[in-house]
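Chemist: Please find the sequence and the predicted model below.
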Amino acid sequence: MHPMIEINYYLLVSAVLFSIGVIGVLVRRNAIIIFMCIELMLNSINLTLVAFSSFLGNINGQIFVFIVMTVAAAEAAIGLAIIISMFRNKESLNIDEINILKW
C-alpha cells in the first residue's frame with residue numbers, strides 16, 4: 001500500500017463494492033448479473049484482506065487472498081457451465097423462469 005493512503009479509504013471502497021454486489025444479487029433476476037455481483041463481493045473481501053495484511057505487515061492475508069482467488073476461478077468455471085446448461089435447456093437466464101428443481 002502507498003504510505004500516504006490510510007486504511008480507512010481501502011475499507012470504504014471495499015464496503016461500497018460489497019454493497020453494490022449485495023444490491024445486485026437482491027434486485028436483479030438475470031443469472032449472469034447475479035453471478036457477476038457475487039464475484040464483485042468476493043473481490044471486495046479480497047481488497048479488505050490485502051489492506052489489513054499490508055497495514056499489519058503480515059503476509060497471511062495475502063496468502064488467503066490467493067487461495068480465495070483460486071477457489072473463485074474454479075467457481076466461475078463451474079458456475080458458467082451450469083448457467084450455459086440451464087440456458088440450453090430453458091432458453092432463459094431469468095431466475096424466476098428457471099424451476100429446474102420442481103417436479
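Modeler: That came through, no problem. Residues are numbered from 1 along each chain as shown.
Chemist: Mind checking what secondary structure residue 58 has?
Modeler: Going by DSSP: H, G, I helix; E, B strand; the rest coil, the secondary structure assigned to residue 58 is coil.
Chemist: How about the contacts made by it?
Modeler: Under the criterion of CB atoms under 8 Å, 6 or more residues apart in numbering, the contact list for residue 58 is empty. No exception for glycine: its C-beta is placed from N, CA and C like everyone else's.
Chemist: Quick check: pLDDT value at the nearest residue to residue 76 once chain neighbours are set aside.
Modeler: With sequence-adjacent residues excluded and distances taken as CB to CB, 6 or more residues apart in numbering, residue 76 is closest to residue 39, at 6.8 Å. Predicted confidence (pLDDT) at residue 39: the value is 91.
Chemist: check which helix or strand covers residue 39.
Modeler: helix 31-56 (DSSP states H and E).
Chemist: Now the element after that helix, going C-ward?
Modeler: helix 60-90.
Chemist: From the chain's centroid, how far away is that next one?
Modeler: 9 Å (CA atoms, centre = their mean, to the nearest Å).
Chemist: got the buried residues for that helix?
Modeler: 61, 65, 72, 79, 83, 86 (16 or more other CB atoms under 10 Å).
Chemist: again, but for stretch 6-18
Modeler: 10-11, 14, 17-18.
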